[in-house]
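[1] Sequence and computational prediction follow.
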Amino acid sequence: MQLPALYRPLHQLCFFRLDAQFYLTPLTAEPSDPLHLPDATQSLLSQLSENDRRQLEQVCATGAATRLALTIKERRWICHLAPVDNHHWLLSADMAAHQQCDQLGLTEWQLAQQWQDPQRPGFSMPELMDSLLDEQHADRVILWRHYHDDEVLRPLYSQGMTFNFQPVKAERHYLRTLQQRGALSYSHCAEQPLLSAFNYLATDGIVHRLDVPLLLERRLIGVLSLEYARPRAAVTPSDMQFVASLAAQLAELISQPVKPELSSTLDQQLAELAPILLRHTGQDFFNQLMLQLSRMFQADIAMVGLISASQEKVRVVSCAINGELQPPFSSTLAGTPCQENANQTQNVVIYHQNVTAIFPHAPLLKKHNIQAYVGLSVKDSDHNTVGKLALFFKQALPASSQLQSVLEQLEYRVAAELLRRRDQETLMVAAVAFDAQQGQFITDSELHIQRANQAFIKLSGYLCNNLLGRSALSLRTDTPFHAGIDTITHSLEQHQTWYGEQQLTRADGQTVPVALRMSQVKDKLGVVHYVCDVEDLSEQKLTQQRIETMAYFDKLTGLHNRHYMVDHISHTIAQAEEESSRGALLLLDLDGFKSINDSLGYRIGDSLLIQVAERLRQFSARIDGVSLARIGSDEFVLLCPRLGHGYTQAKTRAEQLAHSLGEQFLLPFQFESLRLHVSTSIGISLFPVAGLGLEEYLRQADTANHIAKQVAPGSHVFFSQEMADEIQERLALANALQQALINNELELYFQPQQRVVDNQLSGVEVLLRWLPEGRLPIPPSVFIPIAEETSLICDIGSWVLQQACVRFDAWQALANRPERLSVNISARHFNSPDFISQLSLLMHQYPSCRHHLTLEVTEGVFLENLPESRSRMARIKSLGVNISIDDFGTGYSSFAYLRELPVDELKLDRAFIQYVAERPQDKAIITCLLELARTLNMVVVAEGVETPAQLAALAELNCDTYQGYLRARPMSEDNLITWLKQNEKQSEKQ
């Protein structure tokens, strides 16, 4: 049967033949709309859902024409079926129909059905939070309770990322905006003023956040926050509807506490318990009973457990808290109502109220704020307490004998289950003790094996029948390092026990190191047996060997490591002192290794270290007694003993070795098509030195290496005491600088900036001075480089930026106040993670600084990573802060980046200004720079103007602004105020 094909682009109706085995054969061409047809090589039934498959089978079984809908390849087909010959069917399908659904809407509808159905239990808070995390793909959800009187948001519950539960003093503007808009969605959370109270957002790396108010009768009772550690798509109306719907349910949950009610009769309650008592046993019995008791009596906690033989602890086998089963746990009985219950004669004890006050040291009561307690003590036939069933309530319990009667009715069944549980565990422990993973066997008095567990059979390699009856001593191998047979038998005769290491001979002839413990036991008839525990030490020996390798060898290069070298230095120096010989410790550090790692990747860096290690290994092999180690990332040590008996001879030989080592790096290192030329700086420490500690030699070599890097890459330097004194002085200065920041010894100085054309004040540059109390001032050229070597420069930079904004804000009352304030920012501070957020906060605190603050940075700050710098500078500009390039012309001086970066100002270095009046070359350079700045709409500030001739030359070139000793030196704030007043009077006279 073949129908004529319609013109392909025009039809949306397709015909198929469906055979008796439900295989489809196309009868018409495919429509223009691209779609995935069913696989013709498989039965159509295998490609349908369960419901659609059953529907199709029922239709074909009736043999009548009909219409039905099928989902095929994620598309809904509207089909018509008509029977034809040989049990075949003609199937026509309308391809224009699509299947679409709003998954969030369906989920919300399903949740609403459960909320409205009185036969179904309501959702718990974790379930609602789970729905939010799953459907909205949030990293964390937090539920806040709002306390109106204190304007405080207190976190009640969170799911997802870890969260520090601390209350937040929410701003009224935030709460009012949230209530008015119904929801607030943020990106760049750490920079949002409305979220300034939530100071954890930047620390936790939260990027996006959605806040929805929890309202009860139009009053704000809480806030629901969805937080994301990554950017998310825009919040759609469907998302907002879904979150608002769940927020409404959460508002009801936190505003309506559940009150316990005991209303059913005793017979009804026993009838509800009957299915559990009749149908369940074991762990299932305990779990179902705890859940049912907590529901029947509205108990906040229901638990049952076995009491230890010492009566000190109860091991809880089943516990339900707030209607949810908890993992098993153990709890101490001392100071709890469970202990009091176990010590009393009556089996059921009830505390109707204030149970936490009666037992103040019970952690479970205090943790859950328990007010009432009902406990049942379960005893065995000897009247010993073996278990406990207890119910805990957060509210006072009304007087009722009904609850006590129910527990009394349960006593015998609970006792039977607990005793059965205890006996089962005893038998399991006994079985596990023998069939443990550790090998065990039992012998007679002649040490012939009578029984062995599977672990020992597997370890020995013997079949069980071949092992039984064999002498245990025949399984050992004699070695000079282990106890012999006579020693073992003598210990068993004298002490009835022996423990030691032996070599076990397996059935295949291989030997295995084992730890053997043999203990003598006697049965009631006095027959002697020996119980033997065997532990396989093979893995332990291998692990010990691996640990020794890891402890003393470098994993990457195979050389000895720092740990080995430190131990070896002590041995070598002690030997040198005995022999009255001298040696040297050479510490090599690769020059520029960090740049290789950063630019070429760690794979190339590791390959380089391996090749360096191989060259050093070949070099040291030619020298008698030399030890080689890699002690750091790119640091290697050669320990060279016996270089001579005199100081001069040892130093000469050490210098020859250093020259030879440098020659090892003249040839490049090859990596496939890449060739790298790498040099090494060497620090040398001679030994022995009288009175010097062993750890000092490495420190001396490291100090000398540090100086060698400063002298020139590839050089070598011998340690001297002057080096140590210099480094110690720098360290002391760094510590003093840190203390100076705490003791307010740092002070801001200010140097005016004036317009060239009329000498009118245009701004001031902030400079830093260190004025120690009782000492001479320390120049910035001394302490700034030290601060830049550590993170202290960030702390100092933050302090300078804060103080500068405070002073500029205070100057707003002055009539002759500066219009601009320039602050120098170091590279480390500029690139610190919290710099932008700190700057944003300052602009929020001191709005007068917005559009008047200029940050001065050098070219090297942003040229290391131009794309990142461009983004960072754009964010700075968005805060209303200007950017100036300091010392322009002395660094990279690449004009290409000027057009890519949002720069407002160029500061010409004093090196160009010094000879601008005498050298035509300098004047030509400045002319070009000024023309470039005008084209790019940048202001130019000339630094270091000290003579009238220099100022005149700048005026001739139409320079914008200048600063220098010609008009004003850097000065304190008081002197600046005086200078401003004098400058104003001079301007009035002119």
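    Received it, and whenever you're ready, just let me know what you need. Note that this is a predicted model, so its numbers are computed, not measured.
[2] Number of residues surrounding Asn86?
    6 (other Cβ atoms under 10 Å). Bear in mind the C-beta positions are built from the backbone N, C-alpha and C, glycine included.
[3] Which helix runs longest in the chain?
    If you go by DSSP state H, the chain has its longest helix at helix 402-434.
[4] Restricting to C-alpha, output the very next helix or strand once past that helix in CSV.
    Sequence-wise, the next helix or strand downstream of helix 402-434 (DSSP states H and E) is strand 439-443. Only the C-alpha atoms of strand 439-443 are listed here, as CSV (Å, rounded to 0.1, in the frame of the first residue of the first chain):
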residue,chain,number,x,y,z
GLY,A,439,43.8,-14.2,60.6
GLN,A,440,43.1,-16.5,63.5
PHE,A,441,43.7,-20.2,64.2
ILE,A,442,43.3,-22.4,67.3
THR,A,443,45.8,-25.3,68.1
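[5] Specify the angle between strand 439-443 and helix 402-434 in degrees.
    For strand 439-443 against helix 402-434, the angle by axes from the mean of the first three to the mean of the last three Cα atoms, to 10 degrees is 70 degrees.
[6] Name the residues that touch the helix or strand that strand 439-443 is followed by?
    Scanning forward in sequence from strand 439-443 by DSSP H and E, the next helix or strand is strand 449-452. Under the criterion Cβ atoms under 8 Å, 6 or more residues apart in numbering, residues 439-444, 460, 464, 467-472, 529 lie in contact with strand 449-452.
[7] now do stretch 485-505
    Contacts to stretch 485-505, defined as Cβ under 8 Å, 6+ apart, come from residues 459-460, 473, 475-477, 479, 482-483, 511-520, 530, 534, 537.
[8] Buried residues, the host helix or strand of Ala787. List them.
    Applying DSSP H and E as the criterion places Ala787 in helix 780-788. Within helix 780-788, the residues that qualify as buried are 780, 783-784, 786-788, counting by 16 or more other Cβ atoms under 10 Å.
[9] Can you flag which of the contacts of stretch 485-505 belong to helices?
    Using DSSP H, those in helices are 459-460.
[10] gap between the longest helix of the chain and the chain center?
    Distance, stretch centre to chain centre, for helix 402-434: 45 Å (Cα atoms, centre = their mean, to the nearest Å).
[11] elements contacting that helix?
    helix 266-279, helix 282-296, strand 301-307, strand 348-351, strand 372-379, strand 385-393 (3 or more Cβ pairs under 8 Å, 6 or more residues apart in numbering; DSSP states H and E).
[12] Please export the C-alpha coordinates of stretch 835-849 as CSV.
    The C-alpha coordinates for stretch 835-849 follow below in CSV (Å, rounded to 0.1, in the frame of the first residue of the first chain):
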residue,chain,number,x,y,z
PHE,A,835,40.4,47.1,46.9
ILE,A,836,37.3,47.9,44.8
SER,A,837,34.9,47.2,47.7
GLN,A,838,37.0,49.3,50.1
LEU,A,839,36.9,52.2,47.6
SER,A,840,33.2,51.8,47.1
LEU,A,841,32.6,52.0,50.8
LEU,A,842,34.8,55.2,51.1
MET,A,843,32.8,56.9,48.3
HIS,A,844,29.6,55.9,50.2
GLN,A,845,30.9,57.3,53.5
TYR,A,846,32.5,60.5,52.0
PRO,A,847,30.5,61.6,49.0
SER,A,848,32.4,64.8,48.8
CYS,A,849,35.4,62.8,47.5
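[13] hmm, who's touching it?
    Outside stretch 835-849, the residues touching it (Cβ under 8 Å, 6+ apart) are 190-191, 193, 196, 202, 798, 801-802, 805-806, 808-809, 812, 821, 829, 850, 853, 872, 875-876, 879-881.
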